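Asks: got a predicted structure here, sequence first:
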Amino acid sequence: MNVFMNAKQIKDGCISEAVSLGDFVYVSAQTGQGSSIEEQAISACHRVFTVLEDFGLSSRHVVKTTVFLKDIHNRDAFLSMYKTMFEAPYPACSIVAVSDLENEAMVEIEAFAINTLRYEKEMKNSGCSHDCDSCSGC
């Protein structure tokens, strides 16, 4: 394994559940449990967040998701739940209709996150007292 890469537990024996490379974390698609699209989507999001927690990250670090829906007609129901799982600015999101998902899932969510913790620590240590995206105001 490359010394710059860190993988979180192996899924199915040959697929990493998540891989970090530098400041980037790639989370493999996660399915959820439940009888409705909303329940499954919430569960899948929580699984993504749980994987990110192992890297010290949270939902605010997610910059892109890809969502696989078994039935594209569930798009609006999915989006109404999705906006409750993230805060603005929301991650970029691609929604793709697929013919089938494993274990009778209705939705599967993969995520791409950026680890900004090092930069946040540097800002704090530099005495930045602004709640800003950059330190240009200091």
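Replies: Okay, I see it. Given the structure is predicted, the values throughout are model-derived calculations rather than measurements.

Asks: distance-wise, check residue 69 relative to residue 37.
Replies: Distance from residue 69 to residue 37, counting by CB to CB, to the nearest Å: 8 Å. In short, each C-beta sits where N, CA and C put it, glycine included.

Asks: list residues touching both of the two?
Replies: When contacts are counted by CB atoms under 8 Å, 6 or more residues apart in numbering, residue 69 and residue 37 have 78, 106, 107 as shared neighbours.

Asks: among the residues you listed, which lie within helices?
Replies: residue 78 (DSSP state H).

Asks: ok, and the most crowded of the shared contacts of residue 69 and residue 37?
Replies: The residue in the shared contacts of residue 69 and residue 37 with the most neighbours, by other CB atoms under 10 Å, is residue 107 (31 neighbours).

Asks: that residue and residue 81, how far apart?
Replies: In this view, residue 107 and residue 81 are 9 Å apart by CB to CB.

Asks: and for the two, which residues touch both?
Replies: Common neighbours of residue 107 and residue 81 (CB under 8 Å, 6+ apart) are 37, 41.

Asks: between the shared contacts of residue 69 and residue 37, which is closest to residue 47?
Replies: residue 107 (11.2 Å; CB to CB).

Asks: what about the strands in the protein?
Replies: Assigned by DSSP state E, the strands in the chain fall at 5-11, 15-21, 24-31, 62-69, 92-97, 107-114.
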